[in-house]
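*Asks:* Task: produce atomic coordinates for the following.
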Amino acid sequence: MIETNFLLTALVVLLALAFDFINGFHDTANAIATSISTRALKPRIAIVLASTMNLAGALAFTGVAKTIGGKIANPFALEDGLYIVTAALIAAIAWNLITWYYGIPSSSSHALIGSLVGAVLASAGFAAVNFKGFVNILEALIFSPILAFVTGYVIMSLIKIIFYHAHPVKLNRRFRVLQIFTAAWQAFSHGTNDAQKSMGIITFALIAGGFQQEMEIQSWVKISAALAMAMGTSFGGWKIIKTVGSRIIKIEPSNGFAADFTSASVILLATLLKLPVSTTHVISSSVMGVGAAKRFHAVKWGTAQKIITAWLITLPVTIVLAALVYMLMDLFLPI
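*Replies:* Numbering: from 1, shown residues only. You can find the predicted model right below:
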């Protein structure tokens with residue numbers, strides 16, 4: 001039994017790090033899309049910057065990891081917690097790869113949280129899900145993009161008023177410089193929130209496997225998850241960059257700055273509150289809010305509609321997908 005637990009825990013760690021790696025090129029692409037689109041940063045430099053700042057952000061906090069590890073379900077009370085986490089990670093990775101292939105900036109956070117809920121439901125039923133914790137997380141996932149849209153709209157409106165008489169060429173040059181700093185801050189904030197989700201899942205597995213007795217994030221878990229995300233970021237996510245950087249609105253340095261500043265602030269606020277949010281939702285919503293402030297018709301609402309549709313279907317699809325994966329495991333493995 002101990003040997004089985006060890007092998008399953010090792011598998012979960014590998015799957016969680018694979019999820020973090022995929023998350024790196026799937027979600028982190030959003031953090032540098034605007035700075036690449038406005039040519040504030042060259043693609044290779046932007047990716048190196050994002051990788052470095054993601055690593056720093058991932059090592060800075062642990063509150064979100066503890067929320068993921070203990071607020072959706074109690075790892076101490078689940079008999080087959082390792083199988084649950086395995087099924088959840090397989091489902092989340094599958095959905096991330098599908099949406100990445102089609103260039104859809106869907107939410108890795110939604111995918112992971114939905115998958116964990118689906119696997120718990122298939123294993124132990126509704127009673128095993130901590131719906132209070134799940135609802136708190138769901139509220140953060142829903143309201144953070146709304147906050148990002150409104151904040152982006154307000155900041156862009158202020159920029160339009162303050163720099164109304166500014167020379168366009170000089171203004172663009174100044175905001176391109178500022179975008180370097182906001183891109184770095186955005187990548188840092190992304191690391192503070194997204195990398196912690198895998199840390200929480202690994203900790204969940206360590207507790208379920210009997211290798212840890214308290215909800216604390218071990219140093220090797222933090223370092224390995226941070227490195228996996230940084231490595232994923234270094235590979236880039238060009239399909240996602242193209243969607244966020246050009247297919248929502250025509251990005252210019254001033255609105256790129258406004259979008260980056262907005263999304264980085266909202267994500268970091270969520271991290272400080274120990275709440276997991278979808279960095280994809282927040283970044284895309286800030287771009288939409290900024291675009292709407294500049295010219296409402298400048299937003300390519302057809303692309304926005306596709307992104308919102310992906311947001312809406314991710315949770316239910318991954319809940320069902322993870323439940324199916326768990327049931328297949330139950331059918332073929334001695335759970």
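
*Asks:* which is the next helix or strand following the helix or strand encompassing residue 197?
*Replies:* Following DSSP states H and E, one finds residue 197 within helix 168-208. Past helix 168-208, further along toward the C-terminus, the next helix or strand under DSSP H and E is helix 219-235.

*Asks:* same for that next one, what does it pack against?
*Replies:* helix 2-37, helix 43-58, helix 168-208 (3 or more CB pairs under 8 Å, 6 or more residues apart in numbering; DSSP states H and E). (Each C-beta comes from the backbone N, C-alpha and C, glycine too.)

*Asks:* Just the buried residues of it, please?
*Replies:* Applying a neighbour-count criterion of 16 or more other CB atoms under 10 Å, the buried positions in helix 219-235 are 221-222, 224-234.

*Asks:* Then stretch 73-92?
*Replies:* 73-75, 78, 80-92.

*Asks:* now, which of these lie within helices?
*Replies:* 81, 82, 83, 84, 85, 86, 87, 88, 89, 90, 91, 92 (DSSP state H).

*Asks:* Quick check: the gap between residue 156 and residue 139.
*Replies:* 26 Å (CB to CB, to the nearest Å).

*Asks:* So which of these two has more stuff around it?
*Replies:* More crowded of residue 156 and residue 139, by other CB atoms under 10 Å: residue 156, with 24 against 11.

*Asks:* Where does pLDDT dip in the protein?
*Replies:* Within the chain, the stretches with pLDDT under 70 are 1-2, 25-31, 103-105, 236-250, 298-304, 307, 334-335.

*Asks:* Recalculate using a threshold of 50.
*Replies:* Residue ranges of the chain with pLDDT under 50: 244-246, 248.

*Asks:* Tell me the residue in it that is farthest from the middle.
*Replies:* The C-alpha centroid of the chain is most remote from residue 165, which lies 38.0 Å away (CA atoms, centre = their mean).

*Asks:* so where does that one fall, helix or strand?
*Replies:* Judged by DSSP H and E, residue 165 forms part of no helix or strand.

*Asks:* give me phi/psi at it?
*Replies:* Residue 165 adopts backbone torsions of phi -100, psi 10, taken as degrees, to the nearest 10.

*Asks:* thinking residue 288 is in contact with residue 146, fair?
*Replies:* No. With contact defined as CB atoms under 8 Å, residue 288 does not reach residue 146; the gap is 10.8 Å.

*Asks:* Pick out whichever of the two has more residues nearby.
*Replies:* For residue 288 versus residue 146, neighbours defined as other CB under 10 Å are more numerous around residue 288 (25 against 14).

*Asks:* On the three-state scheme, the more buried one is what?
*Replies:* helix (DSSP: H, G, I helix; E, B strand; the rest coil).

*Asks:* what's the distance between it and residue 262?
*Replies:* Taken as CB to CB, the span from residue 288 to residue 262 is 11 Å.

*Asks:* what's the overlap in contacts for the two?
*Replies:* residue 152 (CB atoms under 8 Å, 6 or more residues apart in numbering).

*Asks:* still on that earlier bit, would you turn the ones in helices among the buried residues of stretch 73-92 into CSV with distance to residue 174?
*Replies:* Below are these laid out as CSV (distance: CB to CB, whole Å):
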residue, distance to residue 174
81, 53
82, 53
83, 55
84, 51
85, 48
86, 50
87, 50
88, 46
89, 44
90, 47
91, 46
92, 41
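
*Asks:* ok, so of those residues, who is nearest residue 212?
*Replies:* residue 81 (11.6 Å; CB to CB).

*Asks:* Against residue 209, how distant is the closest one?
*Replies:* To residue 209, residue 81 is 7 Å away according to CB to CB.

*Asks:* Tell me the bridge partners for residue 129.
*Replies:* residue 73 (DSSP bridges).

*Asks:* Wait, it touches residue 72, no?
*Replies:* Yes. Here residue 129 reaches residue 72: they are 6.8 Å apart, a contact under CB under 8 Å.

*Asks:* Quick check: neighbours shared by the two?
*Replies:* Joint contacts of residue 129 and residue 72 (CB under 8 Å, 6+ apart) are 117, 120.

*Asks:* quick one, which of those two is more surrounded?
*Replies:* Neighbour count, other CB under 10 Å: between residue 129 and residue 72, residue 72 has more, with 25 against 18.

*Asks:* hang on, the more buried one packs against residue 128?
*Replies:* No. The pair residue 72 / residue 128 is not scored as a contact, 9.7 Å apart, by CB under 8 Å.

*Asks:* Now do the shared contacts for these two.
*Replies:* The contact lists of residue 72 and residue 128 share residue 120, where a contact means CB under 8 Å, 6+ apart.
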